[in-house]
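> Got a predicted model here, sequence first, then my questions.
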Amino acid sequence: MLNLGVYTFTLFMIKILILFSLFFYGCSTTKEQSSAPNINFDSVLKNENLSDSQKLIELQIQLSKQEDKISLIRNSTNNLRFSFDSLRLKNDSIIFLLEKQIDSFRIEQSMLIGPEFSNNIIKLYNKVNILEDRAFFMDSLYFDLITDMVLIENQISSIENSVKEIDAINKKFNNELLPNNADKKIDYSYDYKLAHQLYSRGNYNKSLEKFNYLLKNNISDDLADNCQFWIGQIYFSNKDYEQAIYEFQKVLKYKDSNKKSESIYKIGLCEIKIGNNNKAKQMFQTIIDDYPKSKYFNKASEFLITLK
């Protein structure tokens, strides 16, 4: 057994050393603190299964382990400090190089920016503005040209349709002519062809009278929608676009009309002429959605792109 005074003093010194080591250990990183075990010297001292000398030895062992951990922490701290110093030197070097580049750029900028340089910049801005104005004007002109070309194409198409319809009428009436109503059929055929001829010659008023006459006299359904279409076309040619829209819409009421897609297309053109581009786009989109095989499909697609 050790002397009680010596034993007590020794335990006191061990506690001081342990607390001192714990103080330094507490300064370590969070990861290292979480991995290091806590030393409970009270549990060692109160362990009745150990003799005093065994308790002292156990405490010394724990203290030795703690000192080893403190040594590792110090080494890690020194390594971190060395890495930090290296990074700081690199950072200082980078900052120095950047400051030199900034100074060099400022010198070059001060040499470039002068009265002559500023005047050149202003001239360039003016040229850009002029080019933008020209581009806008050319876009507007291009759109107008497309519209005019379409109108011309429509006139040509109208003439071609007139010729085809007249030929079809001649064939139909020649094949279906009956003795008891021959005069009536011939009269309608003649009036229809005459109305077309008047339209083709630009005599729109007389042509309009003839087409209205045919509708009032209950011309057959397969020609009634055509008469109604040409009435709309007459108002379109006279640039009465709102009335033309009204007349073309009547064509759409004929269930089996072969003029529906063309009437929708013409309504779209009328809407453009009176400035209703959104309604025009709706008409062209209707052709895309409902009449994919129409000969006006491609033209409607082109207008949708142009009107975006």
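The structure has been received and is ready for your questions.
> domain parsing for the protein?
Per the record, the chain has its domains at 4-97, 126-306, by automatic domain parsing.
> and the last one, how far apart are its ends?
Pointing back at domain 126-306 there. As for domain 126-306, its first-to-last residue distance stands at 28 Å under the measure CA to CA, to the nearest Å.
> Let me know the average pLDDT across it.
Averaging pLDDT along domain 126-306 gives 81.
> And the first one, by the same measure?
Across domain 4-97, the average pLDDT comes to 64.
> Enumerate the positions of the host helix or strand of Tyr235 that are buried.
Here Tyr235 sits within helix 221-237, counting by DSSP states H and E. Residues of helix 221-237 classed as buried: 223-237 (neighbour count, 16 or more other CB atoms under 10 Å). The way it works is simple: take the backbone N, C-alpha and C, and place the C-beta from them, glycine included.
> what is the rounded mean pLDDT of stretch 107-120?
When pLDDT is averaged over stretch 107-120, the result is 66.
> In this structure, mark out all the helices, start to finish.
4-25, 30-35, 41-45, 52-112, 115-176, 182-200, 204-216, 221-237, 241-251, 260-273, 277-290, 297-306 (DSSP state H).
> other SSEs contacting the fourth one?
Using 3 or more CB pairs under 8 Å, 6 or more residues apart in numbering; DSSP states H and E as the contact definition, the elements that helix 52-112 packs against are helix 4-25, helix 30-35, helix 41-45.
> Please repeat the previous calculation with a cut-off of 7 Å.
Identification of packing neighbours for helix 52-112 by 3 or more CB pairs under 7 Å, 6 or more residues apart in numbering; DSSP states H and E yields helix 4-25, helix 41-45.
> Go through the buried residues of helix 221-237 and say which is closest to Glu247.
Using CB to CB, Gly232 comes nearest to Glu247 of those, at 3.5 Å.
> Quick check: the closest residue to Leu223 other than its chain neighbours vs Val251, distance?
Counting by CB to CB, 6 or more residues apart in numbering, Leu223 lies nearest to Tyr192, which is 6.4 Å off, once chain neighbours are set aside. Going from Tyr192 to Val251 by CB to CB, to the nearest Å gives 16 Å.
> now swap in Arg74 and tell me
Arg74 sits 97 Å away from Val251 when distances are taken as CB to CB.
> Mind listing what's buried along stretch 252-266?
Buried residues in stretch 252-266, defined by neighbour count with 16+ other CB under 10 Å: 252, 254, 257, 259-266.
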